[in-house]
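Novice: the following comprises the amino acid sequence and a computationally predicted model.
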Amino acid sequence: MAKPEGSLTSAQHEIMAVVWDRGPEGATVSEIWQAIATLRRVGRTTILNLVDRLERRGWLVRRDREKPCHYLAALGREETAAGLAGGFVDDFFAGSASNLVMSLLGAKRLRPGEIERLRALLESTSQQSREKKGK
C-alpha cells in the first residue's frame, strides 16, 4: 500500500481518531459526523468533504461491500504518529530528535513524569543497542 500523501490537519486527525476508535469494521460518514458533532458544531457535508479528501490522499480506504460504505484507516494510529512526528522532526529540527527534546525542555513543556519516561526509554534503547552490537 502506498504511503498517504501529506500531513493531517486537526480536523482530519479528529476524523482519523474516530475511524481508529471504531476498529477493524471502520466507520461510516454518518458515524464520523455524529461522533465529532458531540464535541463541536460541524456540518455533515463538511465531514463528507474531509473524508473524501482523506480517501483521495490515501489516509482512508473505502470498503464498499456494505451499504452505507465504511472507511478504514490506511495506517494504524502508532504508525501514523511515528511518520508524522518523523516528518516534523525532519522539517523543523533538521532531522535531530535531540533538538526537538531540547526545545521541549527549554520551553518547559515536559512534566517530570514525562522526563522520567523519556529517561527510561533512552536507557532501554541504549541497552538494546549495546546488546545488538555484542551479538
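Specialist: Yep, it's here. Since this is a predicted model, take the numbers as computed values, not measurements. Residues are numbered from 1 along each chain as shown.

Novice: quick one, helices of this structure?
Specialist: 10-22, 29-37, 44-56, 77-93, 97-106, 112-134 (DSSP state H).

Novice: save those helices as TSV, and put in mean pLDDT too.
Specialist: Listed next are the helices of the chain as TSV, based on pLDDT from 0 to 100:
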stretch	mean pLDDT
helix 10-22	96
helix 29-37	97
helix 44-56	96
helix 77-93	91
helix 97-106	83
helix 112-134	85
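
Novice: mind checking how far Leu75 is from Leu48?
Specialist: Going from Leu75 to Leu48 by Cβ to Cβ, to the nearest Å gives 22 Å. For every residue, glycine as well, the C-beta is placed using N, CA and C.

Novice: let me fix that: Gln12
Specialist: Distance from Gln12 to Leu48, by Cβ to Cβ: 13 Å.

Novice: who's more crowded, these two?
Specialist: The neighbour count for Gln12 versus Leu48, taken as other Cβ atoms under 10 Å, is higher for Gln12 (18 against 14).

Novice: contact partners for the closest residue to Arg63 other than its chain neighbours?
Specialist: Nearest-residue entry for Arg63: His70, 4.7 Å, with adjacent residues in sequence omitted and distances by Cβ to Cβ, 6 or more residues apart in numbering. Shown in contact with His70 (Cβ atoms under 8 Å, 6 or more residues apart in numbering): 25-28, 62-63.

Novice: rerun that using 6 Å as the cut-off
Specialist: 26, 28, 63 (Cβ atoms under 6 Å, 6 or more residues apart in numbering).

Novice: make a PyMOL selection of whichever of the residues you listed turn out to be buried.
Specialist: Here is the PyMOL command that selects the buried residues among those (16 or more other Cβ atoms under 10 Å):
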select buried, resi 26+28
